[in-house]
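[1] what's the 3D shape of this:
(chains A and B)
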2 protein chains.
Amino acid sequence: MLSFVGLGLYDERSITVRGRDTLRSADAAFAEFYTSRLVGTTVDHLETTHDVDIVVRDREGVEQRPEPILEAAADGHAVFLTAGDPMVSTTHVDLRLRAHDRGIETEVVHGTTAQTAASSLTGLQNYRFGKATTLPFPETHDGVPESVVETISANRERDLHTLVYLDIDAADERYMTGDVAADLLADALDGGEGSAAPPGVVVARAGSDDPVVRADSLPALAAESFGPPLHLLVVPAGLHPLEREALATLAGAPEGLLD
Amino acid sequence: MLSFVGLGLYDERSITVRGRDTLRSADAAFAEFYTSRLVGTTVDHLETTHDVDIVVRDREGVEQRPEPILEAAADGHAVFLTAGDPMVSTTHVDLRLRAHDRGIETEVVHGTTAQTAASSLTGLQNYRFGKATTLPFPETHDGVPESVVETISANRERDLHTLVYLDIDAADERYMTGDVAADLLADALDGGEGSAAPPGVVVARAGSDDPVVRADSLPALAAESFGPPLHLLVVPAGLHPLEREALATLAGAPEGLLD
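    So this is what the prediction gives:
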């Protein structure tokens, strides 16, 4: 049996009770932190909290050499832990299919995600979000990829908000911050005279006790700092009255920004 | 202090550890189950499990008469519980803003959501979902509303999957099932000769120990039954190879369906 368990958004308490029970009753526990990380805790602390040993696998150790995981799951009950929901990344779907190929039963124990938090913390309505996109570190793409601009523009044409995930280099503990993202997008989305860039909403440390949510123009956000990671950014479309009020009250949107 | 705590997807173990700790340490606990429900448990069982008293408020008791909730939050630490994530519904954003108006501090403790589960259980990639939609009971709209068809079509034009939430009448414990939804959509999405309706994927009891995931043509799904609620339905766009394999392996998609 192979249980994919989501650790949720932020620290050792972001896991669900079902996930925690599953982890504690397993014979072996593996984890990967290359697709994302729990910024609010450490592997040591997870092990102490749940009284388990956790074997952390790097990308190659999951994608190229999953044998130890599959063998543990064939011999007993193994758990595979990831930040957020355990199936958000394709690499985990692939591991699940490999387990099925061998006749190993699998289950998914869901976790809380940035996607939910982006809507929930900002007051922007869930059903008004279009396709999400990821903004990569600028050096990897020589600036903002055209696909990011296209996704935001296509959503805005349909009057839909866009969640922009910010790039993570988990191995080097490097995280794109909201101010850097706002700076990149302020240039990329600036339509020139008479067509200013849209506003932005930065969410920092979703799932923690002290999340920060700030709405402002992209150039203004580019000049702020939002504290420790993870950060994400939302580019809103037209706002409904309650959304406007939420951004003013919960995200400190300056008067006039949202008119 | 007013803590909005998400109970997650299915039963008393779907809450996060942070959410459970918040609930147990609060001075007063309120809940609403008119926007959604935890099908896998009861209020009594939630109370016993967490050793708390929960006051369930109906829609009027939240939207028109929130006084008891706001007073408890002004006097001490109150918790407001909802299925899923606590801020998915506009009515809760409104309650949060009312608390802020009175100078009451608020926090959000996220829960797992159907949106995450729809992607996670099907193997359909998260970033390929467009705007979601809700299919209402047919008697309330004389069939399928044009807006539902438009959302699915607009997503498919951009090669994006659509999550279709199925209507809930929580007060009467009436839930639209996947077969009924598939039947409605098979007709509504049938483009006539040479343009057959797209396939569908039904997900039943996400977050439970025995979720069901089934991919087939919409008419075939309309002839099946998927057991107890809640159900939801995904209308996929074009499939990537791994998504195709996931639907075949995890959702029993018949050969030829996905070509």
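
[2] For the rest of this, base every contact and every neighbour count on C-alpha atoms.
    Noted.

[3] Would you mind listing the buried residues in stretch A:167-181?
    A:D167, A:I168, A:Y175, A:M176, A:T177, A:G178, A:D179, A:V180, A:A181 (16 or more other C-alpha atoms under 10 Å in any protein chain shown).

[4] Pull the number of nearby residues for the residue in the stretch 1-150 of chain A that chain B sits nearest to.
    Closest contact between the stretch 1-150 of chain A and chain B, by C-alpha to the nearest C-alpha, is at A:T16 (3.7 Å). Residues lying near A:T16 (other C-alpha atoms under 10 Å in any protein chain shown) number 31.

[5] who's in contact with it?
    If you count contacts by C-alpha atoms under 8 Å, 6 or more residues apart in numbering or on different chains, A:T16 has them with A:L7, A:G8, A:H110, A:G111, B:R13, B:S14, B:I15, B:T16, B:V17.

[6] change it to 6 Å
    Applying C-alpha atoms under 6 Å, 6 or more residues apart in numbering or on different chains, we find A:T16 in contact with B:S14, B:I15, B:T16, B:V17.

[7] and the third one, what are its bridge partners?
    B:T16 has the following beta-bridge partners by DSSP bridges: A:T16.

[8] From B:T22, how far out is it?
    As judged by C-alpha to C-alpha, to the nearest Å, B:T16 and B:T22 stand 10 Å apart.

[9] what does the first one give?
    According to C-alpha to C-alpha, B:S14 and B:T22 sit 14 Å apart.

[10] ok so, going back, now the contacts of A:T16: which count as buried?
    Neighbour counting with 16+ other C-alpha under 10 Å marks B:S14, B:I15, B:T16, B:V17 as buried within the contacts of A:T16.

[11] And the pLDDT for the nearest residue to the last one once chain neighbours are set aside?
    Think B:V17. Excluding the flanking residues, the one nearest B:V17 by C-alpha to C-alpha, 6 or more residues apart in numbering or on different chains is A:R13, at 4.9 Å. A:R13 carries a pLDDT score of 97 in this model.

[12] ok, stretch A:81-95 near chain B or not?
    Yes. Applying C-alpha under 6 Å from any C-alpha of the partner chain, one finds stretch A:81-95 touching chain B at A:M87.

[13] and A:F80, that's in a helix?
    No. Under DSSP: H, G, I helix; E, B strand; the rest coil, A:F80 falls outside any helix and is assigned strand.

[14] Could you verify my assumption that it touches A:G6?
    No. Shown here, A:F80 and A:G6 do not form a contact pair, counting by C-alpha atoms under 6 Å, at 8.5 Å.

[15] May I see the buried residues of stretch A:167-181 organised as TSV, with secondary structure and pLDDT added?
    Below are the buried residues of stretch A:167-181 laid out as TSV (DSSP: H, G, I helix; E, B strand; the rest coil; pLDDT from 0 to 100):
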residue	secondary structure	pLDDT
A:D167	coil	94
A:I168	strand	91
A:Y175	strand	95
A:M176	coil	97
A:T177	coil	98
A:G178	helix	98
A:D179	helix	98
A:V180	helix	97
A:A181	helix	98
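
[16] which one among the residues you listed gets closest to chain B?
    Closest approach to chain B among the buried residues of stretch A:167-181 (C-alpha to the nearest C-alpha): A:D167, at 14.4 Å.

[17] Say whether chain B is contacted by stretch A:245-252.
    No. Judged by C-alpha under 6 Å from any C-alpha, stretch A:245-252 and chain B are separated, with a smallest distance of 6.9 Å.

[18] centroid residue for chain A?
    By C-alpha atoms, centre = their mean, chain A has its centre lying nearest to A:A114, at 4.2 Å.
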